[in-house]
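Asker: this is a predicted model, with the sequence first.
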Amino acid sequence: QVRLLESGGGSVQTGGSLRLSCAASLRFRSASRGIYNVAWFRQAPGKDREFVARIMVLDGSTYYAESALGRFAVSQDNADGTVTLQMNNLKPEDTGVYYCAAGATTDIQSRSYTDWGKGTQVTVSS
């Protein structure tokens, strides 16, 4: 099991930026465990958890929800394995709790991810 810890949430105004980080207790890529890919999800009050972005640990390829395209960027630090979500031009509808998740999966369904952080709050005011 991989323990994940998100950081970097906060409150910004519309158009602002935040940088979220996901630190892991173990390497996402391990000869013994295989390869875990990492995704960001978010959940707004009263809504279902939704996919935001994913990065494939092996080759660094990324995939984004349509709402995140052109504004968010997910990347990984090969030195320490931290995965970062850079969020620019934030909108009020981006408000929610953002979760980092890892799993031996390539899809974007939350049920496919086995390890989750506790989340970090992002609030965007108009």
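Answerer: On my side now, so go ahead.

Asker: from the chain's centre, how far out does the helix or strand where Tyr99 lies sit?
Answerer: Assigned by DSSP states H and E, Tyr99 falls within strand 96-103. Its chain's C-alpha centre lies 5 Å from the corresponding centre of strand 96-103 when counted by CA atoms, centre = their mean, to the nearest Å.

Asker: now swap in stretch 75-84 and tell me
Answerer: That offset, for stretch 75-84, works out to 12 Å (CA atoms, centre = their mean).

Asker: mind listing what the nearest residue to Gly8 once chain neighbours are set aside touches?
Answerer: Among residues not flanking Gly8 along the chain, Leu20 sits closest, at 4.2 Å (CB to CB, 6 or more residues apart in numbering). C-beta: built from backbone N, CA, C; applies to glycine. Applying CB atoms under 8 Å, 6 or more residues apart in numbering to Leu20 gives the contacts 6-9, 40, 84-85, 87, 98, 100, 120, 122.
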